[in-house]
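1. Sequence first, predicted coordinates after that:
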Amino acid sequence: MHEPDTSPIPTLPPRDPGAHKGTGGTVLIVGGSTGGQGTLRMLGAPALAGRAAIRSGAGLVRIAAPEPVLNDLLSDLNEATGVALPCDQDGALLAHESARAIDPQLGAASCLVVGPGLGQSDGVRALVLRCVGQEGTPVVLDADGLNALASLVDYPKEIRASCVLTPHPGEYRRLAEPLGISLDPTDETQRPEACAELARRLGVVVVLKGKGSVVSDGLRAWVCTRGSPALATGGTGDVLSGVLGGLIAQYVAPGPAAIGGVTMPRPPERPLDLYDAARVAVEAHAIAGERWGTAHGASAGLLASELADGVPGVLEGMRPG
């Protein structure tokens with residue numbers, strides 16, 4: 001394993017005084033489930049991811065969710081607009097119809113965040129396959145999106161999009177097992193190499209979550225040294241995926257980062273690649289958790305929505321001056 005990446009976290013460019021919602025990019029969150037057939041109803045996860053994307057500065061957020069729960073979800077995030085995903089009478093996503101429903105949205109989105117609260121079904125797998133199989137829009141794959149991907153036969157061949165995968169150790173194992181990767185994602189000494197090996201094998205950026213979250217693109221591996229035990233609560237992972245989606249929408253230039261081994265130039269207002277966007281997101285998420293703990297004098301009790309609301313101040317501190 002090469003030496004860990006100790007380069008400084010990139011700064012964010014100053015906010016354009018003439019910015020408008022169109023210049024901040026559009027994040028499409030694909031998530032939520034109806035809770036049909038004895039499964040859990042999950043509305044908070046996509047709402048938290050959308051809230052975090054807005055708090056990170058994204059201009060527009062759209063949420064693609066099962067039609068029966070879309071209005072409830074949007075009532076929890078008034079700033080977002082919605083895309084209804086067709087379901088059967090039991091509330092399960094209709095595979096081909098749901099995949100077709102998001103097709104018109106793919107070209108309009110600057111980043112896709114796929115998986116928060118999405119559940120598991122044939123319809124979910126079809127949605128995930130459609131998102132990772134397109135090449136025009138970067139994808140953040142989280143939670144149930146990761147599990148759906150891992151369940152596909154020979155799943156690495158399905159990934160064509162520029163992707164950031166954000167597994168916790170359990171999700172990591174489900175992705176790593178079909179590839180024969182036996183490194184332990186919970187062993188502090190193995191985590192950087194475990195993250196890098198999965199990134200190398202898939203040609204993606206991986207964020208291995210947990211204490212000392214690791215970010216790798218297969219060539220570089222960076223370990224976050226910030227954070228708080230208060231982050232160990234439900235919904236904080238959804239906030240991370242939303243922050244990452246918002247940063248990609250704003251600061252990662254569209255198109256391939258390199259062509260024929262030659263790195264493509266980036267405009268000054270979009271200076272980040274996916275790897276650095278992930279580092280900024282992980283660092284900001286960790287610092288927001290620390291600041292909550294300091295402000296409340298507590299190491300537990302954090303609400304994920306409070307974490308999202310703490311992100312703007314952290315990101316502002318990452319701008320020059």
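-> It's in. Residues are numbered from 1 along each chain as shown.
2. When you work out contacts or count neighbours from here on, use the C-alpha atoms and nothing else.
-> Noted.
3. who's in contact with Thr166?
-> Contacts for Thr166 (CA atoms under 8 Å, 6 or more residues apart in numbering) come out as 140-143, 146, 206-209, 241.
4. Now it: closest residue in space that isn't a chain neighbour?
-> If the residues on either side of it in the chain are set aside, Thr166 comes closest to Val207, at 4.6 Å by CA to CA, 6 or more residues apart in numbering.
5. give me the number of residues near Gln190?
-> Counted with other CA atoms under 10 Å, the burial measure for Gln190 works out to 13 neighbours.
6. Please read the previous query as pertaining to Pro116.
-> Pro116 sits with 32 neighbouring residues when counted by other CA under 10 Å.
7. Could I get the pLDDT score of it?
-> Here, the pLDDT recorded for Pro116 equals 97.
8. Distance-wise, check it relative to Gly235.
-> Pro116 sits 9 Å away from Gly235, taking CA to CA, to the nearest Å as the criterion.
9. Show me whatever sits in contact with both of these two.
-> Ala45.
10. Wait, His96 touches Ala126, no?
-> Yes. Proximity of His96 to Ala126 meets the contact threshold set by CA atoms under 8 Å, at 6.9 Å.
11. mind listing what Gly203 touches?
-> When the contact criterion is CA under 8 Å, 6+ apart, the partners of Gly203 are 217-218.
12. how about it, phi and psi?
-> In this entry, Gly203 is assigned phi and psi values of phi 70, psi 40 (degrees, to the nearest 10).
13. just Thr26 next, same as before
-> Dihedral angles phi and psi of Thr26 (degrees, to the nearest 10) take the values phi -120, psi 130.
14. burial of it, as a residue count?
-> Neighbour number of Thr26 under other CA under 10 Å is 26.
15. One more: Arg173?
-> The local packing count at Arg173 equals 19, with neighbours defined by other CA under 10 Å.
16. residues contacting it?
-> Applying CA under 8 Å, 6+ apart to Arg173 gives the contacts Pro185.
17. continuing past the strand or helix carrying it, what's the next helix or strand?
-> With elements taken from DSSP states H and E, the one containing Arg173 is helix 169-176. Per DSSP H and E, helix 169-176 leads on to helix 191-202 as the next helix or strand towards the C-terminus.
18. Enumerate the positions of the helix holding Arg173 that are buried.
-> When neighbours are counted by 16 or more other CA atoms under 10 Å, the buried residues of helix 169-176 are found to be 169, 171-176.
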